[in-house]
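Participant: need a 3D model of the sequence below.
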Amino acid sequence: MANQNDRDDHTPLLRNTSGTARDRDPGAPVEELEIESAIGRNVRLLRQQQGLTVAETAARVGISKAMMSKIENAQTSCSLSTLALLAKGFDVPVTSLFRGADVERPAAFVKAGTGARIVREGTREGHEYQLLGSLRGEHKRLECLEVTLSEKSQTYPLFQHPGTEFIYMLEGVMDYSHSRSVYRLQPGDSLQIDGEGAHGPVDLVEVPIRFLSVIAFPDSQV
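Facilitator: Numbering: from 1, shown residues only. You can find the predicted model right below:
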């Protein structure tokens, strides 16, 4: 019988099962990634609204099932001809495929040592509270990770998921993108983001890098 640690090691991350995780070229423009993500979200929504499988949609549109899957997961840039085929297959205007691409997702970036000091009832001498960011939202389940990035690579992970994510840098330096912005994170810096905005490392400036990642998921994902 597997012990508890074995079970924990194979527990799928909710951030991946309820969202998307893919590789990205660190040289790709942030704006281009946002457009790809918007197209992927809209294509998946249209397919689900019409009660179609990926294979059925691919056949209707006239592209391969593999290409259809890549489009939904924002793993490819659609050509104008492919966008026209998608719009015709779903019987919608081409512009509807870009819906949401111009929406900037909220984020709160706090440099080390600049967070607002908080005085709480019962605060004792030598005990200090510092606000590291706050975004509104109803959350129920937390997923907490310590992430270590030890070497640079040709591609970096790019994520999208429901809920709010909090990142706190422990070691190293990295450039981290979210929506249309890029933040230089150093030890002590924190970043709180809307998880629906495409996010992930842009460049590992100084390795090794260690940071805490905490995601608060909405009730619907629990």
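Participant: separation between His199 and Val207?
Facilitator: Remark: distance between His199 and Val207 (C-beta to C-beta, to the nearest Å) = 19 Å. (Each C-beta comes from the backbone N, C-alpha and C, glycine too.)
Participant: so if I had to pick from these two, which one is more boxed in?
Facilitator: Neighbours were counted for His199 and for Val207 using other C-beta atoms under 10 Å; His199 has more, 26 against 15.
Participant: who are the contact partners of the closest residue to the more buried one other than its chain neighbours?
Facilitator: Nearest residue to His199, sequence neighbours excluded (C-beta to C-beta, 6 or more residues apart in numbering): His178, at 4.2 Å. Each residue near His178 by C-beta atoms under 8 Å, 6 or more residues apart in numbering is listed here: 105, 107, 191, 193, 197-199.
Participant: check Lys65 too.
Facilitator: 54-55, 58.
Participant: quick one: low-confidence ranges for this structure?
Facilitator: Scanning the chain for pLDDT under 70 picks out 1-11, 22, 24, 28-33, 100-104, 116-140, 220-222.
Participant: flag every buried residue along the longest helix belonging to it.
Facilitator: When the chain is parsed with DSSP state H, its longest helix is helix 30-49. Neighbour counts over helix 30-49 (16 or more other C-beta atoms under 10 Å) mark 33-44, 46-47 as buried.
Participant: next, the angle helix 30-49 makes with the helix or strand Met67 falls within.
Facilitator: Element membership for Met67 (DSSP states H and E) is helix 65-72. Angular relation of helix 65-72 and helix 30-49 on a 0 to 180 degree scale: 120 degrees, by axes from the mean of the first three to the mean of the last three C-alpha atoms, to 10 degrees.
Participant: now do the helices in this protein.
Facilitator: 4-9, 14-17, 30-49, 54-61, 65-72, 80-90.
Participant: looking at these, which is nearest to Phe217?
Facilitator: helix 14-17 (6.0 Å; C-beta to C-beta).
Participant: what residues sit buried inside the closest one?
Facilitator: Within helix 14-17, judged by 16+ other C-beta under 10 Å, the buried ones are 14-15.
Participant: what does it rub up against?
Facilitator: For helix 14-17, the surrounding residues in contact (C-beta under 8 Å, 6+ apart) are 21, 141, 143, 159, 161, 165, 195, 215, 217, 221.
Participant: what bridges to the second one?
Facilitator: Here Arg141 sits in beta bridges with Phe217, as judged by DSSP bridges.
Participant: that one and Ala216 touch, don't they?
Facilitator: Yes - if you go by C-beta atoms under 8 Å, Arg141 and Ala216 touch, sitting 7.3 Å apart.
Participant: so which of the two has more stuff around it?
Facilitator: Higher neighbour count among Arg141 and Ala216: Ala216, with 20 against 13, using other C-beta under 10 Å.
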